[in-house]
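In: Need coordinates for the following:
(one chain, ligands or ions: 4)
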Amino acid sequence: QVKAEGRGASQFYRQEFTHHLNARMNLDDELEKAVNRQEFELFYQPIVPLDATHSIKAEALIRWRHPTRGLVGPFEFINQLEDSGMIVELGRWIIRTACQHATCWPRVHGQAPEVSVNISARQFRFDDLVGTISAALSDSGLPPEKLCIEITEKLLMIDSDATLATIDALKALGVKVAIDDFGIGYSSLSYIRRFQPDNLKIDREFVQGIDTSEYDQRLLAAIIAMGDQLHISITAEGVETGLQRNYLHEHHCGYIQGYFYSKPLAETEFRLWLEHTAPAVVASPYWQPT
Ligand code: C2E
Ligand code: MG
Ligand code: MG
Ligand code: MG
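Out: Residues are numbered from 1 along each chain as shown. Ligands and ions are numbered 1, 2, ... in the order given. Have a look, this model is predicted:
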């Protein structure tokens, strides 16, 4: 097909490729400027425990406050930050900033909130992650058990020996480890056995199935039962409806994260949420947004 179209076509592909390459180089430049101008910001999304004796958590989610485009989400730049290696430097900033923020958050029913930070594969490979994290903890004064790192199965797949050593060292510090987007990768069970995470975050693809599929409902109940056996807490991601929340509650899912409770919030707004909304949310498992 391509051959039949002759020179014109291959030239077209070449132009497309060059165009693509230029776009990537421009974005690299832009991202580098954004780092220098400190245009990145951490938002926080509440993670609500269904058992009031456990503390509230929050996931740090990166945003780019672009001078003309407004707030830009990670899907538009996170891969590029990883490919260019910029995620290593920015990732250190993310860890330090999240730890500093978390030490300033008010307690909810006497419990200090916990912060959860996404760590990319690159940071594992090219940063001294244990050094970065222990420095962030001691500089901020955040207790290690109030920090959780979220890693994906993709990372576990790529580099497992070095990753395992790092994860073990982080666990020895007292930091918690969560497997993010659980269920959509490969060979999940072998990673659980090997890395023994504290928490599994079930991808929202499964959670949204609660509304429509009895099979998905039972799959979730089975994952929760597995977590129970292995002492791994389960977080359901992407919970949007009261129906989903109620189902998860009835099946003793540990934590719920999603638009049902709150979208990711700027840090000052998240602090207000902790003060004004969180106490009621934690007190009643059947709390409804007004
Ligand atoms: P993730 O770690 O799985 O984060 C959850 C994503 O689901 C967030 O998207 C969040 O805004 C979104 N979400 C939460 N609740 C709901 C819901 O009820 N419905 C729907 N439809 N979506 C919901 P976001 O903030 O766009 O982040 C996307 C991904 O970018 C994250 O997925 C994570 O993989 C990556 N990311 C975000 N921040 C960082 C960061 O600081 N470092 C690294 N390495 N990656 C990050
Ligand atoms: Mg995450
Ligand atoms: Mg996730
Ligand atoms: Mg996800």
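In: from what I can see residue 169 touches residue 132, true?
Out: No - between residue 169 and residue 132 there is no contact, the gap being 11.8 Å when judged by Cβ atoms under 8 Å. Yep, even glycine has a C-beta here, placed from its N, CA and C like the rest.
In: neighbour-wise, which of the two wins?
Out: Neighbour tally, residue 169 and residue 132, criterion other Cβ atoms under 10 Å: the higher count belongs to residue 132, 18 against 15.
In: Near the closest residue to the more buried one other than its chain neighbours, how many other residues are there?
Out: Among residues not flanking residue 132 along the chain, residue 92 sits closest, at 5.2 Å (Cβ to Cβ, 6 or more residues apart in numbering). Around residue 92 there are 19 other residues, counting by other Cβ under 10 Å.
In: Just the pLDDT at residue 92, thanks.
Out: Confidence at residue 92, expressed as pLDDT, is 96.
In: tell me which residues of the host helix or strand of it are tucked away?
Out: Under the criterion of DSSP states H and E, residue 92 resides in helix 86-104. Using 16 or more other Cβ atoms under 10 Å as the test for burial, helix 86-104 gives 86-88, 90-92, 94-103.
In: Please apply the same query to stretch 38-49.
Out: Buried, per 16+ other Cβ under 10 Å, within stretch 38-49: 39-40, 42-49.
In: same deal with stretch 46-60?
Out: Quick answer for stretch 46-60 (16+ other Cβ under 10 Å): 46-50, 55-60.
In: Tell me where the model's unsure across the stretch 1-150 of the chain.
Out: 1-21 (pLDDT under 70).
In: Up against ligand 2, what does it have?
Out: Counting by Cβ under 5 Å from the ion, the positions of the stretch 1-150 of the chain adjacent to ligand 2 are 118, 150.
In: which stretches of the stretch 1-150 of the chain form helices?
Out: With helices called from DSSP state H, counting those that start in this stretch, the stretch 1-150 of the chain shows them at 2-36, 78-84, 86-104, 121-126, 129-140.
In: So which of the ones you listed is nearest ligand 3?
Out: Nearest to ligand 3, of all the helices of the stretch 1-150 of the chain, is helix 78-84, at 12.5 Å by Cβ to the ion.
In: what does the closest one contact?
Out: 24, 27-28, 31, 62, 86-87, 90, 120-122 (Cβ atoms under 8 Å, 6 or more residues apart in numbering).
In: ok so, going back, will you turn the helices of the stretch 1-150 of the chain into CSV that also has distance to residue 158?
Out: Converted to CSV, the helices of the stretch 1-150 of the chain look like this (distance: least, Cβ to Cβ, whole Å):
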stretch, distance to residue 158
helix 2-36, 22
helix 78-84, 12
helix 86-104, 15
helix 121-126, 6
helix 129-140, 15
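In: To residue 113, which of these lies closest?
Out: Nearest of the helices of the stretch 1-150 of the chain to residue 113, taken as Cβ to Cβ: helix 86-104 at 6.5 Å.
In: Which neighbouring elements make contact with the closest one?
Out: helix 2-36, strand 40-49, strand 57-66, helix 78-84, strand 114-118, helix 121-126, helix 129-140, strand 147-152 (3 or more Cβ pairs under 8 Å, 6 or more residues apart in numbering; DSSP states H and E).
In: These into TSV, with extra columns for distance to residue 227?
Out: What follows is those, written out as TSV (distance: least, Cβ to Cβ, whole Å):
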stretch	distance to residue 227
helix 2-36	37
strand 40-49	14
strand 57-66	16
helix 78-84	28
strand 114-118	17
helix 121-126	24
helix 129-140	25
strand 147-152	15
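In: what's the closest of those to residue 241?
Out: strand 40-49 (14.5 Å).
In: Could you spell out the sheet neighbours of the closest one, each with its direction?
Out: strand 57-66 (antiparallel), strand 255-257 (antiparallel), strand 265-266 (antiparallel) (DSSP bridges).
In: could you give me the average pLDDT of the shortest one?
Out: Per-residue pLDDT over strand 265-266 has a mean of 98.
In: same question, stretch 280-290
Out: For stretch 280-290, mean pLDDT rounds to 91.
In: Could you give me the buried positions within it?
Out: For stretch 280-290, by 16+ other Cβ under 10 Å, it's 281-282, 285, 287.
In: Thanks a lot, catch you later.
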